[in-house]
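1. pasting the sequence and the predicted coordinates here, then a few questions.
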Amino acid sequence: VTPDEVRAAYPVLDRHAYLNAGSVGPLSRRSHQATVEWAERGLREGRGSRRFFEAATELRASLRAAIARLVGVPTDRVLLTTSTTDGCNLVVTGLRLGPEDEVVITDGEHPAIEEPVAASGARVRVARVLGRPRDEVLHAVLGEVTPRTRLIALSHVLWYNGQVMPVAEIRRAAGVPVLVDGAQSAGAIPVDAGAVDFYALPGQKWLCGPELTGALVVADGASLDPPVAGYGRRMGEGVERLAVSYPPAPSLAGLIAALEERPPWAFERAAEMARRCREALLDAGLDVCTPAGEATLVAFTVPGDPAETVSRCLERDVVIRSLPNGWLRASCGWWTSDGDVDRLVGALREA
Ligand SMILES: Cc1ncc(COP(=O)(O)O)c(C=O)c1O
């Protein structure tokens, strides 16, 4: 398939320059169809029939294997979750941290890391990494590590501006457990989840699956003892013992379909489109907050109220978002075209 052919699979692209996979990815017709077929099946066969249960169990196994392949780990390390946040909470609570413990995070984290860590009662140390060059980032994180550090929790890709954190180097150099929030990396850039201890990822963003899907990759399930438990604790094996919530069969089927559809050139194309988008915004004279050569999020500022700019863009069917610090953000995927980028620049000019 070519990039143009791929675009036809996502109905939202017929009309919109859809540049917000960082919040929720575009849905393909095929993924939607798989979800609907499974919902229909439940409607007709009964969601509690033995046949339905067995088929759903097979879906779980296929999805775990597909995610494992994507992030380069054995299948038995993958726990299906309902979100990135869900996975982060399992890890942070599962380490049973207390006031004597320290957790290192960065100043570019999403509430998915910030809030579980704040709720843990541990002392939080914040490394200043946002906007800093890559070689300084490693030092900044290591500089916050002390003998009391029980966990380093950080995003692989910062949600503010797409900066890529050197998570494998941090793990190697720090020698303490590392939890990675993979919300803006999984499906957007190549990921080696085996390089860290815990890797939480969503299904609904760059993997273009249904909402309330995701996974947590755990190197050693025995290292976690979360204070929440359920069916998995009694019946599951390995990491599945941590399972508390179970994404429903239609959602699993939708995510499997979305993964099967990913073109082999997805990463290269997404990186190329993010590069073109960044350059187009610079050429238009905007202040761009994303350094060259990062991931697939491009952040920038424009004069005036950011929320207003988002609305003005939406009036022109251009979908971007604003961030808590006032920046605007465009997400570029393998489905993004030069036309989408031109429409973004045009909408910003008019806004
Ligand atoms: C870095 C980061 N982490 C976590 C999330 C939340 O993901 P989820 O809804 O899968 O918990 C987001 C975006 O919503 C994000 O940008």
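-> Arrived safely.

2. can you give me the helices in the stretch 51-200 of the chain?
-> Ranges of helices in the stretch 51-200 of the chain, per DSSP state H, counting those that start in this stretch, are 84-94, 111-119, 134-142, 167-174.

3. enumerate the residues of the chain near the ligand.
-> Within the chain, the positions lying close to the ligand (Cβ under 6 Å from any ligand atom) are 23, 83-85, 110, 112, 155, 159, 181, 183-184, 202, 214. Heads up, the C-betas are built off the backbone N, CA and C, glycines and all.

4. how many neighbours does Gly221 have?
-> Neighbourhood size, Gly221 [other Cβ atoms under 10 Å]: 18.

5. thought it was touching Leu242?
-> Yes. Using Cβ atoms under 8 Å, Gly221 makes contact with Leu242 at a distance of 6.5 Å.

6. overlap in contacts, the two.
-> Common contact partners of Gly221 and Leu242 (Cβ atoms under 8 Å, 6 or more residues apart in numbering): Leu79.

7. sorry, back to before: point out the most buried one among the helices of the stretch 51-200 of the chain.
-> helix 84-94 (a mean of 24; mean count of other Cβ atoms under 10 Å).

8. by neighbour count, which of the residues of the chain next to the ligand wins?
-> Asp181 leads those on contacts (other Cβ under 10 Å) with 32 neighbours.

9. want to throw the helices of the stretch 51-200 of the chain into CSV with mean pLDDT?
-> Below are these laid out as CSV (pLDDT from 0 to 100):
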stretch, mean pLDDT
helix 84-94, 98
helix 111-119, 98
helix 134-142, 96
helix 167-174, 98
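
10. turn the ones you listed into JSON lines, columns for distance to Leu27.
-> Below are the helices of the stretch 51-200 of the chain laid out as JSON lines (distance: least, Cβ to Cβ, whole Å):
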{"stretch": "helix 84-94", "distance to Leu27": "18"}
{"stretch": "helix 111-119", "distance to Leu27": "22"}
{"stretch": "helix 134-142", "distance to Leu27": "34"}
{"stretch": "helix 167-174", "distance to Leu27": "29"}
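
11. so which of those is nearest Glu261?
-> Nearest to Glu261, of all the helices of the stretch 51-200 of the chain, is helix 84-94, at 21.4 Å by Cβ to Cβ.

12. now that closest one against helix 111-119, angle please.
-> Helix 84-94 and helix 111-119 are oriented at 20 degrees to each other (axes from the mean of the first three to the mean of the last three Cα atoms, to 10 degrees).

13. for helix 84-94, output the C-alpha coordinates as PDB.
-> Extracted in PDB, the C-alpha atoms of helix 84-94 (Å, rounded to 0.1, in the frame of the first residue of the first chain):
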ATOM      1  CA  THR A  84      -1.600   4.000  29.900                       C
ATOM      2  CA  THR A  85      -2.800   5.500  33.100                       C
ATOM      3  CA  ASP A  86      -4.100   2.100  34.300                       C
ATOM      4  CA  GLY A  87      -0.600   0.600  33.700                       C
ATOM      5  CA  CYS A  88       1.200   3.400  35.400                       C
ATOM      6  CA  ASN A  89      -1.000   3.000  38.500                       C
ATOM      7  CA  LEU A  90      -0.400  -0.700  38.700                       C
ATOM      8  CA  VAL A  91       3.300  -0.100  38.700                       C
ATOM      9  CA  VAL A  92       3.400   2.800  41.100                       C
ATOM     10  CA  THR A  93       1.000   1.200  43.600                       C
ATOM     11  CA  GLY A  94       2.500  -2.200  43.100                       C
END
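
14. which elements pack onto it?
-> Secondary-structure packing of helix 84-94 (3 or more Cβ pairs under 8 Å, 6 or more residues apart in numbering; DSSP states H and E): strand 78-81, helix 111-119, strand 149-155, strand 178-181, strand 198-202, strand 214-218.

15. point me to the residue of the stretch 201-350 of the chain nearest the ligand.
-> Nearest residue of the stretch 201-350 of the chain to the ligand: Pro202, at 3.3 Å (Cβ to the nearest ligand atom).

16. correct me, but that residue touches Gln184?
-> No. Pro202 lies out of contact with Gln184 (Cβ under 8 Å); the separation is 9.1 Å.

17. contacts for stretch 227-241?
-> Here stretch 227-241 makes contact (Cβ under 8 Å, 6+ apart) with 76-79, 90, 93, 96, 216, 218, 221, 242-246.

18. quick one: which of those is most hemmed in?
-> That'd be Leu216 among these, by other Cβ under 10 Å, with 30 neighbours.

19. how far away is that residue from Arg96?
-> For Leu216, the distance to Arg96 equals 17 Å [Cβ to Cβ, to the nearest Å].

20. what does stretch 54-61 rub up against?
-> Residues from elsewhere that reach stretch 54-61, judged by Cβ under 8 Å, 6+ apart: Arg41, Thr75, Leu80, Ala249, Leu252, Ala253, Ile256.

21. name the residues of it that are buried.
-> In terms of neighbour count (16 or more other Cβ atoms under 10 Å), stretch 54-61 has its buried residues at Ala56, Leu59, Arg60.

22. what's the closest of those to the ligand?
-> The closest of these, once distances to the ligand are taken by Cβ to the nearest ligand atom, is Arg60, at 18.3 Å.

23. could you find the closest non-adjacent residue to His156?
-> Ser185 (3.7 Å; Cβ to Cβ, 6 or more residues apart in numbering).

24. wait, the one you found touches Ala295, no?
-> Yes. The criterion here is Cβ under 8 Å, and Ser185 meets it with Ala295 at 6.6 Å.
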